[in-house]
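K.L.:
quick one, what's the 3D model for this:
(chains A and B)
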Amino acid sequence: MVTNKQLADLIFPNVTETVADLEKRYPPRDLPSGAEVTRFAPSPTGFLHTGSLFTSMICRKVASQSKGVFYIRLEDTDTKREIAGSGEQLLKQLNIFDVNPDEGYLGNSEKGNYGPYVQSKRADIYCIVIKHLLEEGKAYPCFCTSEQLEELRAEQEKQKLNPGYYGEFAKCRNLTNEEKYEKIKNGEKFVIRFKSNGNHESKIKVTDLVRGEFEIAENDQDIVIYKSDGLPTYHFAHAVDDHFMRTTTVIRGEEWVASLPIHVELFAALGWKAPHYAHLPVIMKIDEETGNKRKLSKRKDQEAAVSYFIEDGYLPKSLIMYLMTIANSNFEEWILNNKFEGMEDFVFSFNKMNNEGALFDMGKLNFFARELLVKYNKEEITQLAESYAKEYNQKLYKTIQSNRAYFADIMNIDREKANPRKDYEKFGNVLDIIGFFYEEGYQKALQEPLPFNEKFAKEDLVEALTAIKEKLQVNQDEQIWFNDLKEIGASLGYAANNKEYKANPEAFKGNMGDLAEILRITLTGRKNAPNLCTVMYLLGLEETHRRIDAVISLLK
RNA sequence: GGUCCCAUGGUCAAGAGGUUAAGACGAGACCCUCUCAAGGUCUAAUCUCGGGUUCGAUUCCCGAUGGGAUCACCA
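P.N.:
Modelled structure (predicted):
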């Protein structure tokens, strides 16, 4: 007769510690009442996903506002999918968004008394708990091969039964201890399964901080908790880690709702109190092919990777701000009332969260991004652009370096005034906007046909430009400058007074708008630009004349 | 397909058994104006459908439809 204990000893001969020892090693946290312990638990399988940023941002917020703890745990139990270095990468990107852990995995090191915070280093802990389950007869080794499991699945599908390893289909469940003992002795490969007592026909009530209370079928699957590679599966690691790390609130993606019954049963079998759960909606996007909503996909959507926003020169805070509007429906009004400042004072609450996945709205992100960028003064915005460019945009960096003061002046156009321009939402496209200030961008514009108004003959254009070149001075004062231009215009037959022009357009060559447009196109190559007085001032008289000459010769 | 969740303008959404059904982004118009941006004023645009309960339903209930999530020795 082989007892559970003997079987457990055979499987884990070196495990001597007990669950009680673990309880002692990881005592309840000493925190003020109401403090929440949250965690972000990524797998090191790639770069930070926008949805993960969303989740971790909320974890950070919930812990902070309750004076609790937010920690990071690396879930690296899937050795096949692991990408080297991505754990560090994740951490670095979180840091860019100011989502920093209080404890846990920190790359090369870790901090806190509830570690290790990397699952692959916790094998001994999982084994202690599994051994305990084995001894209690709540888990058992399973020797089924993947082929056998596939066959089983195929058969179940044929019979339209729920697929999986449960009830009568859980063959290894019925093996006697002697048989199990024998197989293990013979070196047969095995996994360890949790023995479920659940009934798929009955329902359990679960409570979710976002979704409220709802019913869901009990788990009846004998899920794998210990893989043949000696590492635990997610479900088991979740129960063990979040128990011993004393997590109070598990905040994770909606994709986990379906496995909640497993987790509930696991916690109950272990005799532990389950944490609170908050399952967050997924951020979506309309699929161009099907027209349906779908999860933001790293492969298809650039905005699924936070690196996209970083590399395109968005202020990290603007993404966070936008994400917060998805997180809490009352945030947007709040932040508007607070003039886009003091986000950390906003009180997040789960019941202000919609449990439907929102469509990612680039337009709204851009709105926040512009509002944020407009707050910086000349030196700050230049500094920001410079440090972005240095790391992510060499072309912009060279442009800035060629004449930093000039770049600063350009960025400062109509900036330090009551109603500043809001030209930029990110630094990735500033060169598209201000390129004409530079020789390269200007030359590029000259390659295209210049968009002069067709009502003017070439001779008119040359005449106007010649007069401007002769008489118009650079001036910082917009009024003086514009009066000068008016005078020139009047002498050429352009109406200085628009009402007069409108009353009798035939009497004039055009109005001041027409004349200004001729100059504008000449200096910038385009019909839209910041006010011409400033453009001319920044370009300088010499460059202005050079450009006028260039266009005149182009016209001839 | 089974199970769970969800359904208000283009998007994010507030809302209550009786409302002129908020607000924000976006769009359009006008004003300002050397163009653009900004700013100001204004406009258009929403309760998926069918039953039931009720004096009255967009709101509560049921069903349909649609959408989302999930069904691994992945997390």
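K.L.:
got the residues of the stretch 1-150 of chain A near RNA strand B?
P.N.:
A:41, A:43, A:75, A:77-78, A:81, A:144-146, A:149 (CB under 7 Å from any atom of the strand). Bear in mind the C-beta positions are built from the backbone N, C-alpha and C, glycine included.
K.L.:
restricted to strands, list these.
P.N.:
Counting by DSSP state E, these place none of their members in strands.
K.L.:
can you list those in a markdown table and add pLDDT?
P.N.:
Putting these into a markdown table (pLDDT from 0 to 100) gives the following:
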| residue | pLDDT |
| --- | --- |
| A:41 | 97 |
| A:43 | 96 |
| A:75 | 97 |
| A:77 | 95 |
| A:78 | 94 |
| A:81 | 93 |
| A:144 | 95 |
| A:145 | 94 |
| A:146 | 92 |
| A:149 | 94 |
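K.L.:
farthest pair within the residues you listed?
P.N.:
A:41 and A:145 (30.5 Å; CB to CB).
K.L.:
between the two, which is the more surrounded one?
P.N.:
Applying other CB atoms under 10 Å to residue A:41 and residue A:145 shows that residue A:41 carries more neighbours, namely 27 against 10.
K.L.:
how much space between that one and residue A:249?
P.N.:
Distance of residue A:41 to residue A:249, computed by CB to CB, to the nearest Å: 13 Å.
K.L.:
and residue A:348, by the same measure?
P.N.:
Residue A:348 is 12 Å from residue A:249, by CB to CB.
K.L.:
please, where are all the helices along the stretch 151-300 of chain A?
P.N.:
A:177-185, A:234-244, A:260-270 (DSSP state H, counting those that start in this stretch).
K.L.:
for residue A:226, find the nearest of those.
P.N.:
The nearest among the helices of the stretch 151-300 of chain A, by CB to CB, is helix A:234-244 at 7.1 Å.
K.L.:
ok, and what's touching the closest one?
P.N.:
The contact list for helix A:234-244 (CB atoms under 8 Å, 6 or more residues apart in numbering) reads A:22, A:25-26, A:39, A:41, A:73, A:75, A:77, A:114, A:119, A:122, A:125-126, A:129-130, A:194, A:223, A:225-226, A:232, A:247, A:250, A:259, A:262-263, A:266-267, A:270, A:272, A:275.
K.L.:
tell me if it is near RNA strand B.
P.N.:
Yes - Helix A:234-244 is in contact with RNA strand B by CB under 7 Å from any atom of the strand, via residue A:234.
K.L.:
buried sites along that helix?
P.N.:
Within helix A:234-244, the residues that count as buried by 16 or more other CB atoms under 10 Å are A:234-244.
K.L.:
how far away is the closest residue to residue A:350 other than its chain neighbours from RNA strand B?
P.N.:
Closest residue in space to residue A:350, ignoring its immediate chain neighbours: residue A:209 at 4.1 Å, by CB to CB, 6 or more residues apart in numbering. Using CB to the nearest atom of the strand, to the nearest Å, residue A:209 is found at 13 Å from RNA strand B.
K.L.:
right, and residue A:209 touches residue A:278 too?
P.N.:
Yes - with contacts counted by CB atoms under 8 Å, residue A:209 reaches residue A:278, the gap being 3.9 Å.
K.L.:
now the element after the helix or strand bottoming out on mean pLDDT in chain A, going C-ward?
P.N.:
Across the helices and strands of chain A, mean pLDDT, DSSP states H and E gives its lowest value to helix A:498-503, namely a mean of 82. Once the chain leaves helix A:498-503, the next helix or strand it forms, by DSSP states H and E, is strand A:510-511.
K.L.:
flag every residue of the stretch 301-450 of chain A that's near RNA strand B.
P.N.:
Residues of the stretch 301-450 of chain A lying near RNA strand B (CB under 7 Å from any atom of the strand): A:325-326, A:329-330, A:332-333, A:336, A:352, A:354-359, A:361, A:363-364, A:366-367, A:414, A:419-423.
K.L.:
which of the residues in the longest helix that chain A contains are buried?
P.N.:
Taking DSSP state H as the criterion, chain A has its longest helix at helix A:532-555. For helix A:532-555, a neighbour-count test (16+ other CB under 10 Å) marks A:532-539, A:543-544, A:547-548, A:551-552 as buried.
K.L.:
can you put the buried residues of helix A:234-244 in JSON lines and add pLDDT?
P.N.:
Formatted as JSON lines, the buried residues of helix A:234-244 follow (pLDDT from 0 to 100):
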{"residue": "A:234", "pLDDT": "97"}
{"residue": "A:235", "pLDDT": "98"}
{"residue": "A:236", "pLDDT": "98"}
{"residue": "A:237", "pLDDT": "98"}
{"residue": "A:238", "pLDDT": "98"}
{"residue": "A:239", "pLDDT": "98"}
{"residue": "A:240", "pLDDT": "98"}
{"residue": "A:241", "pLDDT": "98"}
{"residue": "A:242", "pLDDT": "98"}
{"residue": "A:243", "pLDDT": "98"}
{"residue": "A:244", "pLDDT": "98"}
